[in-house]
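Trainee: sharing a model that was predicted from the sequence below.
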Amino acid sequence: MDRESFTRRVEAMQGALWRVAYGLLLNRADCADAVQEALLRAWEKRGSLREEAYFETWLTRILINECYSMLRRRRAALPLDGVPEPAAPPDADPILHDAIARLDVKLRLPVVLRYMEGYGVNEIARTLRVPPGTVKTRLARARALLRLQLSDEPTEGGNR
């Protein structure tokens with residue numbers, strides 16, 4: 001893959017990469033770092049991509065791996081009481097954002113890939129390296145938890 005093709009495909013995925021990173025890290029500064037590091041790694045390893053048709057899935061997997069590395073480093077470096085509350089992106093529904101942020105990462109990531117990025121179940125399964133049935137189960141559990149969380153949220157008048 002030449003530089004021009006790589007750049008064109010990365011630019012087309014820029015928003016998706018940021019949303020996936022944010023879905024895992026819940027921190028804008030870390031998202032920028034993770035995306036940059038993933039792009040650097042992808043450029044260096046572009047020769048290992050067997051089929052260019054899977055570029056998006058391949059790059060997303062690299063990004064997910066980088067996010068997990070950052071989470072491990074963060075866990076080792078910061079005490080839990082020092083972690084700030086995640087701020088919603090400017091265009092996000094804050095109640096939905098908070099509900100998604102409270103999901104375990106194993107449930108949150110499939111939600112981000114499916115409903116924010118439009119990936120299919122099989123593509124998510126390939127990206128996360130789990131069976132399609134596991135993706136479907138995680139999505140169903142996430143929807144059920146979100147439904148429960150959102151139905152428990154007080155309305156503007158303070159009523160439930």
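Mentor: It's in.

Trainee: please make it C-alpha for all contacts and neighbour counts, starting now.
Mentor: OK.

Trainee: which SS state does the residue nearest to the spatial centre of the chain fall under?
Mentor: Of all residues in the chain, the one closest to the mean position by C-alpha atoms, centre = their mean is Val20, 2.6 Å from it. Three-state assignment for Val20 (DSSP: H, G, I helix; E, B strand; the rest coil): helix.

Trainee: okay, the nearest residue to it once chain neighbours are set aside: pLDDT?
Mentor: Taking C-alpha to C-alpha, 6 or more residues apart in numbering, and ignoring the residues beside it in sequence, Val20 has Val112 as its nearest neighbour in space, at 6.3 Å. Turning to Val112, the model gives it a pLDDT of 90.

Trainee: related to what we said a few turns ago, any idea how far the residue nearest to the centre of the chain is from Asn27?
Mentor: 12 Å (C-alpha to C-alpha, to the nearest Å).

Trainee: about what we covered before: residues contacting the residue nearest to Val20?
Mentor: The contact partners of Val112, taken as C-alpha atoms under 8 Å, 6 or more residues apart in numbering, are Arg19, Val20, Gly23.

Trainee: can I get those residues in CSV with pLDDT and distance to Ser48?
Mentor: Converted to CSV, the contacts of Val112 look like this (pLDDT from 0 to 100; distance: C-alpha to C-alpha, whole Å):
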residue, pLDDT, distance to Ser48
Arg19, 92, 25
Val20, 93, 22
Gly23, 90, 26
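
Trainee: could you dump the least confident helix or strand in the chain by mean pLDDT to PDB, C-alpha only?
Mentor: The least trusted helix or strand in the chain, going by mean pLDDT, DSSP states H and E, turns out to be helix 94-101, with a mean of 85. Coordinates of the C-alpha atoms in helix 94-101 are reproduced here as PDB (Å, rounded to 0.1, in the frame of the first residue of the first chain):
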ATOM      1  CA  PRO A  94     -25.100  13.500  27.900                       C
ATOM      2  CA  ILE A  95     -27.500  11.100  29.500                       C
ATOM      3  CA  LEU A  96     -26.900   8.400  26.800                       C
ATOM      4  CA  HIS A  97     -23.100   9.100  26.900                       C
ATOM      5  CA  ASP A  98     -23.000   8.600  30.700                       C
ATOM      6  CA  ALA A  99     -25.000   5.400  30.400                       C
ATOM      7  CA  ILE A 100     -22.700   4.000  27.700                       C
ATOM      8  CA  ALA A 101     -19.600   5.100  29.700                       C
END
